[in-house]
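Participant: Pasting a predicted model and its sequence here:
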2 protein chains.
Amino acid sequence: MPRPAKFTEDQILDAALRLVAGGGPGAATIGGIAALMGAPSGSIYYRFKSRDLLLARLWIRTIKRFQQGFIAALGHDDLDAAALGAALYNVRWAREHLDEAKVLLLYRSEELAARWPHELGAELATLNADVFTAIRDHALRRYGEDSDGAALRRVIFALIDVSYAAGRRHLIAGEPPPPSIDDLVTETCRCVLGINQAVT
Amino acid sequence: MPRPAKFTEDQILDAALRLVAGGGPGAATIGGIAALMGAPSGSIYYRFKSRDLLLARLWIRTIKRFQQGFIAALGHDDLDAAALGAALYNVRWAREHLDEAKVLLLYRSEELAARWPHELGAELATLNADVFTAIRDHALRRYGEDSDGAALRRVIFALIDVSYAAGRRHLIAGEPPPPSIDDLVTETCRCVLGINQAVT
DNA sequence: TGAATTCTAGAATGAAGATTCTAGAACGTG
DNA sequence: CACGTTCTAGAATCTTCATTCTAGAATTCA
(Lines give C-alpha, C1' and ligand atoms only; values in the text may rest on other atoms or scores of the structure.)
Protein backbone atom coordinates (compact mmCIF):
# COMPACT_ATOMS: atom_id res chain seq x y z
CA MET A 1 0.00 0.00 0.00
CA PRO A 2 2.60 2.53 0.97
CA ARG A 3 4.95 4.01 -1.50
CA PRO A 4 8.32 2.25 -1.09
CA ALA A 5 10.95 4.23 0.73
CA LYS A 6 13.79 5.61 -1.31
CA PHE A 7 15.87 6.39 1.77
CA THR A 8 15.38 3.93 4.57
CA GLU A 9 16.19 4.33 8.20
CA ASP A 10 19.08 1.91 8.03
CA GLN A 11 20.54 3.57 4.96
CA ILE A 12 20.51 6.87 6.77
CA LEU A 13 22.15 5.34 9.82
CA ASP A 14 24.77 3.77 7.58
CA ALA A 15 25.59 7.14 6.10
CA ALA A 16 25.78 8.70 9.55
CA LEU A 17 28.00 5.85 10.66
CA ARG A 18 30.49 6.53 7.92
CA LEU A 19 30.58 10.21 8.73
CA VAL A 20 31.03 9.68 12.45
CA ALA A 21 33.71 7.07 11.89
CA GLY A 22 35.46 9.38 9.50
CA GLY A 23 35.31 12.66 11.31
CA GLY A 24 33.64 12.30 14.67
CA PRO A 25 30.08 13.14 15.73
CA GLY A 26 30.44 16.71 14.55
CA ALA A 27 30.90 15.51 11.00
CA ALA A 28 27.50 13.87 10.96
CA THR A 29 25.42 16.94 10.14
CA ILE A 30 22.02 16.49 8.62
CA GLY A 31 23.29 18.21 5.52
CA GLY A 32 26.33 15.95 5.40
CA ILE A 33 24.29 12.80 5.75
CA ALA A 34 21.90 13.95 3.07
CA ALA A 35 24.72 14.86 0.72
CA LEU A 36 26.40 11.50 1.23
CA MET A 37 23.19 9.80 0.19
CA GLY A 38 22.27 12.20 -2.55
CA ALA A 39 19.12 13.05 -0.64
CA PRO A 40 17.61 16.37 0.39
CA SER A 41 17.76 17.19 4.07
CA GLY A 42 14.02 17.09 4.36
CA SER A 43 14.01 13.39 3.65
CA ILE A 44 16.21 12.77 6.68
CA TYR A 45 13.69 14.53 8.86
CA TYR A 46 10.94 12.41 7.48
CA ARG A 47 12.63 9.42 9.15
CA PHE A 48 14.10 11.02 12.22
CA LYS A 49 12.49 13.68 14.31
CA SER A 50 15.81 15.28 15.12
CA ARG A 51 19.54 14.92 14.69
CA ASP A 52 19.95 13.86 18.30
CA LEU A 53 17.42 11.14 17.84
CA LEU A 54 19.16 9.94 14.69
CA LEU A 55 22.54 9.71 16.37
CA ALA A 56 21.05 8.13 19.45
CA ARG A 57 19.55 5.42 17.28
CA LEU A 58 22.87 4.90 15.57
CA TRP A 59 24.43 4.41 18.98
CA ILE A 60 21.79 1.93 20.05
CA ARG A 61 21.96 -0.02 16.82
CA THR A 62 25.72 -0.25 17.05
CA ILE A 63 25.80 -1.33 20.68
CA LYS A 64 23.19 -3.98 20.12
CA ARG A 65 25.00 -5.42 17.15
CA PHE A 66 28.11 -5.67 19.23
CA GLN A 67 26.57 -7.05 22.38
CA GLN A 68 24.99 -10.14 20.91
CA GLY A 69 28.24 -11.92 20.25
CA PHE A 70 29.78 -10.76 23.47
CA ILE A 71 27.05 -12.20 25.61
CA ALA A 72 27.07 -15.38 23.59
CA ALA A 73 30.81 -15.78 24.06
CA LEU A 74 30.52 -15.17 27.76
CA GLY A 75 27.89 -17.86 27.98
CA HIS A 76 30.37 -20.65 27.33
CA ASP A 77 30.09 -23.44 29.87
CA ASP A 78 33.73 -23.44 30.78
CA LEU A 79 34.46 -20.41 32.92
CA ASP A 80 37.92 -19.72 31.57
CA ALA A 81 37.00 -20.34 27.97
CA ALA A 82 34.09 -17.96 28.42
CA ALA A 83 36.32 -15.19 29.72
CA LEU A 84 38.99 -15.55 27.09
CA GLY A 85 36.41 -15.99 24.37
CA ALA A 86 34.58 -12.83 25.36
CA ALA A 87 37.74 -10.76 25.54
CA LEU A 88 38.91 -11.98 22.17
CA TYR A 89 35.48 -11.47 20.70
CA ASN A 90 35.88 -7.78 21.37
CA VAL A 91 39.11 -7.67 19.45
CA ARG A 92 37.78 -9.63 16.52
CA TRP A 93 34.59 -7.67 16.34
CA ALA A 94 36.52 -4.42 16.19
CA ARG A 95 38.72 -5.84 13.49
CA GLU A 96 35.78 -6.88 11.38
CA HIS A 97 33.63 -3.83 11.97
CA LEU A 98 36.06 -0.97 11.82
CA ASP A 99 33.60 1.86 11.42
CA GLU A 100 31.22 0.63 14.05
CA ALA A 101 34.06 -0.06 16.43
CA LYS A 102 35.27 3.48 15.96
CA VAL A 103 31.91 4.82 16.98
CA LEU A 104 31.79 2.63 20.04
CA LEU A 105 35.38 2.97 21.19
CA LEU A 106 36.27 6.50 20.24
CA TYR A 107 33.18 8.31 21.46
CA ARG A 108 30.49 8.07 24.09
CA SER A 109 26.76 8.31 23.92
CA GLU A 110 26.76 11.84 25.34
CA GLU A 111 29.11 12.99 22.63
CA LEU A 112 27.01 11.60 19.85
CA ALA A 113 23.71 13.08 20.89
CA ALA A 114 24.10 16.39 22.67
CA ARG A 115 20.89 15.88 24.54
CA TRP A 116 19.86 12.26 24.64
CA PRO A 117 16.24 12.27 23.48
CA HIS A 118 13.82 11.86 26.34
CA GLU A 119 11.89 9.13 24.56
CA LEU A 120 15.01 6.96 24.46
CA GLY A 121 15.96 7.43 28.08
CA ALA A 122 14.58 4.10 29.16
CA GLU A 123 16.22 2.32 26.27
CA LEU A 124 19.58 3.85 27.11
CA ALA A 125 19.24 2.87 30.73
CA THR A 126 18.62 -0.78 29.93
CA LEU A 127 20.99 -0.92 27.02
CA ASN A 128 23.82 -2.36 29.02
CA ALA A 129 21.70 -4.31 31.44
CA ASP A 130 22.14 -7.68 29.77
CA VAL A 131 25.87 -7.30 29.41
CA PHE A 132 26.17 -6.13 32.96
CA THR A 133 24.20 -9.08 34.23
CA ALA A 134 26.31 -11.49 32.23
CA ILE A 135 29.50 -10.00 33.59
CA ARG A 136 28.26 -9.97 37.15
CA ASP A 137 27.24 -13.58 36.89
CA HIS A 138 30.63 -14.43 35.57
CA ALA A 139 32.28 -12.61 38.47
CA LEU A 140 30.04 -14.42 40.89
CA ARG A 141 30.82 -17.81 39.44
CA ARG A 142 34.49 -17.04 39.45
CA TYR A 143 34.97 -15.33 42.79
CA GLY A 144 31.78 -15.89 44.75
CA GLU A 145 30.21 -13.10 46.75
CA ASP A 146 31.97 -9.81 46.17
CA SER A 147 31.57 -7.56 49.17
CA ASP A 148 33.55 -4.54 48.06
CA GLY A 149 33.11 -4.77 44.32
CA ALA A 150 36.78 -5.33 43.65
CA ALA A 151 36.12 -8.69 42.04
CA LEU A 152 33.55 -7.18 39.71
CA ARG A 153 35.93 -4.38 38.79
CA ARG A 154 38.58 -6.95 38.04
CA VAL A 155 36.34 -8.88 35.69
CA ILE A 156 35.18 -5.75 33.91
CA PHE A 157 38.76 -4.72 33.49
CA ALA A 158 39.76 -8.07 32.03
CA LEU A 159 36.78 -8.61 29.77
CA ILE A 160 36.19 -5.11 28.50
CA ASP A 161 38.73 -2.48 29.41
CA VAL A 162 41.76 -4.46 28.34
CA SER A 163 40.57 -5.22 24.85
CA TYR A 164 39.28 -1.71 24.59
CA ALA A 165 42.72 -0.37 25.42
CA ALA A 166 44.48 -2.73 23.08
CA GLY A 167 42.40 -1.76 20.08
CA ARG A 168 41.90 1.91 20.56
CA ARG A 169 45.13 3.29 19.23
CA HIS A 170 44.77 1.28 16.05
CA LEU A 171 41.26 2.44 15.47
CA ILE A 172 42.43 5.99 15.90
CA ALA A 173 45.05 5.33 13.27
CA GLY A 174 42.30 4.02 11.05
CA GLU A 175 43.78 0.57 10.77
CA PRO A 176 42.42 -2.77 11.96
CA PRO A 177 43.96 -3.93 15.24
CA PRO A 178 46.94 -6.14 14.31
CA PRO A 179 47.02 -9.83 15.21
CA SER A 180 49.63 -9.26 17.88
CA ILE A 181 47.12 -7.68 20.20
CA ASP A 182 45.24 -10.94 20.48
CA ASP A 183 48.20 -12.27 22.38
CA LEU A 184 48.40 -9.24 24.60
CA VAL A 185 44.73 -9.47 25.44
CA THR A 186 44.89 -13.18 26.10
CA GLU A 187 47.95 -12.92 28.31
CA THR A 188 46.48 -10.05 30.23
CA CYS A 189 43.21 -11.80 30.85
CA ARG A 190 44.93 -14.94 32.01
CA CYS A 191 47.02 -12.95 34.38
CA VAL A 192 44.30 -10.73 35.78
CA LEU A 193 41.82 -13.57 36.19
CA GLY A 194 44.40 -16.12 37.32
CA ILE A 195 43.88 -18.50 34.42
CA ASN A 196 46.75 -20.87 33.80
CA GLN A 197 48.14 -21.88 30.46
CA ALA A 198 46.23 -25.14 30.16
CA VAL A 199 43.08 -23.40 28.99
CA THR A 200 42.49 -23.07 25.27
CA MET B 1 55.20 49.71 31.20
CA PRO B 2 52.34 47.58 30.02
CA ARG B 3 49.06 47.64 31.77
CA PRO B 4 48.81 44.40 33.79
CA ALA B 5 46.55 41.76 32.33
CA LYS B 6 43.24 41.20 34.02
CA PHE B 7 42.65 37.93 32.20
CA THR B 8 45.83 35.98 31.57
CA GLU B 9 46.38 33.20 29.10
CA ASP B 10 46.60 30.59 31.82
CA GLN B 11 43.44 31.79 33.51
CA ILE B 12 41.60 31.46 30.24
CA LEU B 13 42.97 27.98 29.67
CA ASP B 14 41.94 27.05 33.20
CA ALA B 15 38.40 28.14 32.51
CA ALA B 16 38.36 26.23 29.24
CA LEU B 17 39.73 23.20 31.07
CA ARG B 18 36.88 23.22 33.54
CA LEU B 19 34.32 23.50 30.77
CA VAL B 20 35.84 20.72 28.68
CA ALA B 21 36.17 18.45 31.69
CA GLY B 22 32.60 19.17 32.65
CA GLY B 23 30.85 18.94 29.33
CA GLY B 24 33.25 18.01 26.57
CA PRO B 25 34.90 20.18 23.95
CA GLY B 26 31.58 21.50 22.75
CA ALA B 27 30.94 23.10 26.11
CA ALA B 28 34.02 25.27 25.81
CA THR B 29 32.52 28.05 23.71
CA ILE B 30 34.14 31.44 23.71
CA GLY B 31 31.03 32.81 25.31
CA GLY B 32 31.06 30.09 27.93
CA ILE B 33 34.67 30.66 28.81
CA ALA B 34 34.13 34.38 29.04
CA ALA B 35 31.06 33.94 31.22
CA LEU B 36 32.89 31.59 33.56
CA MET B 37 35.56 34.24 34.08
CA GLY B 38 33.24 37.21 34.14
CA ALA B 39 34.99 38.55 31.08
CA PRO B 40 33.66 39.82 27.78
CA SER B 41 34.27 37.62 24.79
CA GLY B 42 36.48 40.20 23.18
CA SER B 43 39.04 39.77 25.91
CA ILE B 44 39.40 36.12 25.05
CA TYR B 45 40.21 37.03 21.48
CA TYR B 46 42.80 39.46 22.66
CA ARG B 47 44.77 36.46 23.99
CA PHE B 48 43.87 33.81 21.46
CA LYS B 49 43.47 34.33 17.79
CA SER B 50 40.74 31.72 17.53
CA ARG B 51 38.86 29.14 19.50
CA ASP B 52 40.74 26.33 17.79
CA LEU B 53 44.02 27.88 18.79
CA LEU B 54 42.85 28.25 22.36
CA LEU B 55 41.81 24.63 22.65
CA ALA B 56 44.94 23.47 20.89
CA ARG B 57 47.00 25.29 23.47
CA LEU B 58 45.01 23.75 26.25
CA TRP B 59 45.79 20.36 24.79
CA ILE B 60 49.48 21.09 24.54
CA ARG B 61 49.69 22.53 28.03
CA THR B 62 47.91 19.51 29.46
CA ILE B 63 50.04 16.96 27.63
CA LYS B 64 53.25 18.65 28.63
CA ARG B 65 52.27 18.80 32.26
CA PHE B 66 51.56 15.11 32.18
CA GLN B 67 54.60 14.02 30.24
CA GLN B 68 57.25 15.40 32.54
CA GLY B 69 56.60 12.97 35.35
CA PHE B 70 56.09 10.06 33.00
CA ILE B 71 59.46 10.47 31.34
CA ALA B 72 61.09 10.97 34.70
CA ALA B 73 59.56 7.78 36.05
CA LEU B 74 60.62 5.84 33.00
CA GLY B 75 64.14 7.07 33.49
CA HIS B 76 64.69 4.95 36.58
CA ASP B 77 67.91 2.95 36.43
CA ASP B 78 66.28 -0.35 37.19
CA LEU B 79 64.36 -1.52 34.13
CA ASP B 80 61.50 -3.13 35.98
CA ALA B 81 61.13 -0.35 38.49
CA ALA B 82 61.06 2.11 35.61
CA ALA B 83 58.25 0.29 33.88
CA LEU B 84 56.10 -0.19 36.95
CA GLY B 85 56.82 3.32 38.10
CA ALA B 86 55.77 4.83 34.80
CA ALA B 87 52.58 2.80 34.61
CA LEU B 88 51.62 3.74 38.14
CA TYR B 89 52.54 7.35 37.54
CA ASN B 90 49.77 7.47 34.96
CA VAL B 91 47.23 6.27 37.47
CA ARG B 92 48.36 8.63 40.18
CA TRP B 93 48.50 11.59 37.88
CA ALA B 94 44.96 10.99 36.74
CA ARG B 95 43.84 10.68 40.34
CA GLU B 96 45.45 13.96 41.32
CA HIS B 97 44.52 15.92 38.22
CA LEU B 98 41.00 14.84 37.51
CA ASP B 99 40.02 17.60 35.12
CA GLU B 100 43.20 17.47 33.12
CA ALA B 101 43.07 13.70 32.99
CA LYS B 102 39.55 13.91 31.63
CA VAL B 103 40.73 16.11 28.81
CA LEU B 104 43.56 13.78 27.96
CA LEU B 105 41.78 10.46 28.36
CA LEU B 106 38.28 11.21 27.22
CA TYR B 107 39.03 13.18 24.08
CA ARG B 108 41.62 13.53 21.36
CA SER B 109 43.37 16.48 19.89
CA GLU B 110 41.20 16.44 16.77
CA GLU B 111 38.08 16.60 18.85
CA LEU B 112 39.25 19.56 20.85
CA ALA B 113 40.28 21.74 17.95
CA ALA B 114 38.20 21.10 14.86
CA ARG B 115 40.99 22.27 12.62
CA TRP B 116 44.33 22.09 14.35
CA PRO B 117 45.85 25.53 13.74
CA HIS B 118 48.50 25.46 11.08
CA GLU B 119 50.96 27.38 13.21
CA LEU B 120 50.91 24.60 15.80
CA GLY B 121 51.36 21.74 13.39
CA ALA B 122 55.03 21.34 14.12
CA GLU B 123 54.45 21.50 17.84
CA LEU B 124 51.79 18.82 17.63
CA ALA B 125 54.06 16.60 15.58
CA THR B 126 56.89 16.74 18.11
CA LEU B 127 54.65 16.74 21.15
CA ASN B 128 54.97 13.05 21.73
CA ALA B 129 58.48 12.71 20.43
CA ASP B 130 60.19 12.62 23.82
CA VAL B 131 57.78 10.14 25.28
CA PHE B 132 58.03 7.98 22.21
CA THR B 133 61.79 8.00 22.38
CA ALA B 134 61.77 7.09 26.04
CA ILE B 135 59.43 4.20 25.41
CA ARG B 136 61.38 2.94 22.45
CA ASP B 137 64.58 3.04 24.45
CA HIS B 138 62.89 1.09 27.17
CA ALA B 139 61.72 -1.50 24.69
CA LEU B 140 65.19 -1.73 23.26
CA ARG B 141 66.79 -2.23 26.64
CA ARG B 142 64.24 -4.82 27.56
CA TYR B 143 63.92 -6.83 24.38
CA GLY B 144 66.79 -5.78 22.16
CA GLU B 145 66.27 -5.18 18.46
CA ASP B 146 62.63 -5.37 17.51
CA SER B 147 62.24 -6.40 13.92
CA ASP B 148 58.48 -6.50 13.58
CA GLY B 149 57.50 -3.91 16.14
CA ALA B 150 55.71 -6.39 18.36
CA ALA B 151 58.01 -5.66 21.28
CA LEU B 152 57.39 -1.95 20.99
CA ARG B 153 53.66 -2.50 20.84
CA ARG B 154 53.89 -4.65 23.93
CA VAL B 155 55.69 -1.96 25.89
CA ILE B 156 53.28 0.75 24.77
CA PHE B 157 50.41 -1.46 25.80
CA ALA B 158 51.87 -2.08 29.23
CA LEU B 159 53.04 1.43 30.00
CA ILE B 160 50.22 3.47 28.52
CA ASP B 161 47.20 1.59 27.26
CA VAL B 162 46.68 -0.49 30.37
CA SER B 163 46.59 2.40 32.80
CA TYR B 164 44.49 4.30 30.32
CA ALA B 165 41.99 1.48 30.28
CA ALA B 166 41.95 1.13 34.02
CA GLY B 167 41.24 4.77 34.68
CA ARG B 168 38.89 5.70 31.91
CA ARG B 169 35.61 4.41 33.21
CA HIS B 170 36.14 6.18 36.51
CA LEU B 171 36.95 9.46 34.86
CA ILE B 172 33.78 9.13 32.85
CA ALA B 173 31.90 8.63 36.08
CA GLY B 174 33.56 11.77 37.37
CA GLU B 175 35.26 10.03 40.24
CA PRO B 176 38.97 9.55 40.92
CA PRO B 177 40.22 6.10 39.95
CA PRO B 178 39.95 3.91 43.08
CA PRO B 179 43.04 2.43 44.77
CA SER B 180 42.18 -1.03 43.54
CA ILE B 181 43.21 -0.23 40.01
CA ASP B 182 46.79 0.26 41.11
CA ASP B 183 46.90 -3.45 41.72
CA LEU B 184 45.32 -4.26 38.39
CA VAL B 185 47.79 -2.09 36.56
CA THR B 186 50.76 -3.48 38.45
CA GLU B 187 49.73 -7.06 37.92
CA THR B 188 49.06 -6.50 34.27
CA CYS B 189 52.39 -4.80 33.66
CA ARG B 190 54.26 -7.55 35.45
CA CYS B 191 52.52 -10.13 33.36
CA VAL B 192 52.82 -8.42 30.01
CA LEU B 193 56.44 -7.49 30.51
CA GLY B 194 57.41 -10.71 32.27
CA ILE B 195 58.44 -9.07 35.54
CA ASN B 196 58.46 -11.39 38.51
CA GLN B 197 57.23 -10.61 41.99
CA ALA B 198 60.61 -9.73 43.45
CA VAL B 199 60.58 -6.25 41.96
CA THR B 200 59.26 -3.42 44.08
C1' DT C 1 -8.49 5.29 -13.25
C1' DG C 2 -9.11 7.78 -8.74
C1' DA C 3 -8.52 8.13 -3.77
C1' DA C 4 -5.67 7.61 0.15
C1' DT C 5 -1.29 7.30 1.93
C1' DT C 6 3.57 7.64 2.15
C1' DC C 7 7.61 9.97 0.57
C1' DT C 8 10.75 13.21 -1.55
C1' DA C 9 12.16 18.08 -2.59
C1' DG C 10 14.21 22.15 -1.25
C1' DA C 11 13.54 26.68 -0.09
C1' DA C 12 12.79 29.52 4.10
C1' DT C 13 13.48 30.31 8.98
C1' DG C 14 15.89 30.53 13.32
C1' DA C 15 19.28 29.96 16.71
C1' DA C 16 23.87 29.36 18.45
C1' DG C 17 28.31 30.85 18.35
C1' DA C 18 32.63 32.45 16.39
C1' DT C 19 34.84 36.50 14.99
C1' DT C 20 35.46 41.44 14.06
C1' DC C 21 35.63 46.19 15.16
C1' DT C 22 35.60 50.60 17.47
C1' DA C 23 35.87 53.01 21.94
C1' DG C 24 37.58 53.79 25.90
C1' DA C 25 40.02 52.52 30.36
C1' DA C 26 44.26 51.46 33.00
C1' DC C 27 49.37 51.56 33.81
C1' DG C 28 54.22 52.59 34.10
C1' DT C 29 57.49 55.96 32.58
C1' DG C 30 59.70 60.29 31.90
C1' DC D 1 50.85 64.91 35.04
C1' DA D 2 50.89 63.68 29.74
C1' DC D 3 52.15 59.86 26.61
C1' DG D 4 52.51 55.48 24.46
C1' DT D 5 51.06 50.90 25.03
C1' DT D 6 48.39 47.20 26.49
C1' DC D 7 43.86 45.63 27.68
C1' DT D 8 39.01 45.38 28.39
C1' DA D 9 34.17 46.13 26.70
C1' DG D 10 30.46 44.74 24.07
C1' DA D 11 27.81 45.63 20.26
C1' DA D 12 27.46 44.20 15.41
C1' DT D 13 28.35 40.87 11.87
C1' DC D 14 28.83 36.39 9.70
C1' DT D 15 28.52 31.39 9.35
C1' DT D 16 26.98 27.11 9.98
C1' DC D 17 23.44 24.09 10.86
C1' DA D 18 19.20 22.27 12.62
C1' DT D 19 14.51 22.44 11.80
C1' DT D 20 10.09 23.71 9.57
C1' DC D 21 6.89 24.08 5.88
C1' DT D 22 4.54 23.74 1.55
C1' DA D 23 4.31 21.34 -2.92
C1' DG D 24 4.35 17.79 -5.53
C1' DA D 25 5.49 12.84 -6.87
C1' DA D 26 5.07 7.79 -6.47
C1' DT D 27 2.46 3.59 -5.16
C1' DT D 28 -1.10 0.41 -3.90
C1' DC D 29 -5.80 -0.78 -3.73
C1' DA D 30 -10.59 -0.72 -5.04
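Facilitator: In hand now; what should we look at? Residues are numbered from 1 along each chain as shown, chains lettered A, B, ... in the order given.
Participant: can we go C-alpha only for contacts and neighbour counts from here?
Facilitator: Will do.
Participant: helix/strand/coil for residue A:178?
Facilitator: Following DSSP: H, G, I helix; E, B strand; the rest coil, residue A:178 is assigned to coil.
Participant: Run a quick neighbour tally on it.
Facilitator: For residue A:178, the neighbour count with other C-alpha atoms under 10 Å in any protein chain shown is 13.
Participant: Provide a list of residues in contact with it.
Facilitator: With contact set as C-alpha atoms under 8 Å, 6 or more residues apart in numbering or on different chains, residue A:178 has these partners: residue A:170.
Participant: measure it to residue B:154 for me?
Facilitator: 12 Å (C-alpha to C-alpha, to the nearest Å).
Participant: and the top helix by length along chain A, is it in reach of DNA strand D?
Facilitator: Counting residues, the longest helix found in chain A (DSSP state H) is helix A:51-74. Yes: contact between helix A:51-74 and DNA strand D, assessed by C-alpha under 7 Å from any atom of the strand, occurs at A:51, A:52.
Participant: C-terminal to that helix, what's the next element?
Facilitator: helix A:79-96 (DSSP states H and E).
Participant: For that next one, which helices and strands make contact with it?
Facilitator: helix A:51-74, helix A:98-106, helix A:129-143, helix A:162-172, helix A:180-193 (3 or more C-alpha pairs under 8 Å, 6 or more residues apart in numbering or on different chains; DSSP states H and E).
Participant: Show me which residues of the third one are buried.
Facilitator: Going by neighbour count (16 or more other C-alpha atoms under 10 Å in any protein chain shown), the buried part of helix A:129-143 is A:131, A:134, A:135, A:136, A:137, A:138, A:139.
Participant: same deal with the longest one?
Facilitator: Of the residues in helix A:51-74, those scored as buried under the neighbour-count criterion (16+ other C-alpha under 10 Å) are A:51-60, A:62-63, A:66-67, A:70-71, A:73-74.
Participant: With the fourth one instead?
Facilitator: Along helix A:162-172, the positions that meet the burial threshold by neighbour count (16+ other C-alpha under 10 Å) are A:162, A:163, A:164, A:165, A:166, A:167, A:168, A:169, A:170, A:171.
Participant: Show me which of those residues is closest to residue A:13.
Facilitator: Of all the buried residues of helix A:162-172, residue A:171 has the smallest distance to residue A:13: 20.1 Å, by C-alpha to C-alpha.
Participant: Find the nearest non-adjacent residue to that closest one, please.
Facilitator: Spatial nearest neighbour of residue A:171, excluding adjacent residues (C-alpha to C-alpha, 6 or more residues apart in numbering or on different chains): residue A:102 at 6.1 Å.
Participant: again, but for residue A:54
Facilitator: residue A:48 is the one closest to residue A:54 (C-alpha to C-alpha, 6+ apart), at 5.7 Å.
Participant: Tell me, how many residues neighbour the one you found?
Facilitator: 16.
Participant: That one reaches residue A:56, doesn't it?
Facilitator: No: using C-alpha atoms under 8 Å, residue A:48 makes no contact with residue A:56, being 10.4 Å away.
Participant: What is the helix or strand of chain A with the lowest mean pLDDT packed up against?
Facilitator: Lowest by mean pLDDT, DSSP states H and E among the helices and strands of chain A is helix A:121-127, with a mean of 90. Where contact means 3+ C-alpha pairs under 8 Å, 6+ apart, helix A:121-127 is packed against helix A:51-74.
Participant: does any part of the helix it packs on sit near DNA strand C?
Facilitator: No: remark: helix A:51-74 sits outside contact range of DNA strand C, by C-alpha under 7 Å from any atom of the strand, the gap being at least 12.7 Å.
Participant: Off-centre distance for that helix?
Facilitator: 6 Å (C-alpha atoms, centre = their mean, to the nearest Å).
Participant: okay, now residue A:39: neighbour count?
Facilitator: 16.
Participant: Apart from its chain neighbours, what residue comes closest to residue A:15?
Facilitator: Counting by C-alpha to C-alpha, 6+ apart, residue A:33 is the residue found nearest to residue A:15 once chain neighbours are left out, at 5.8 Å.
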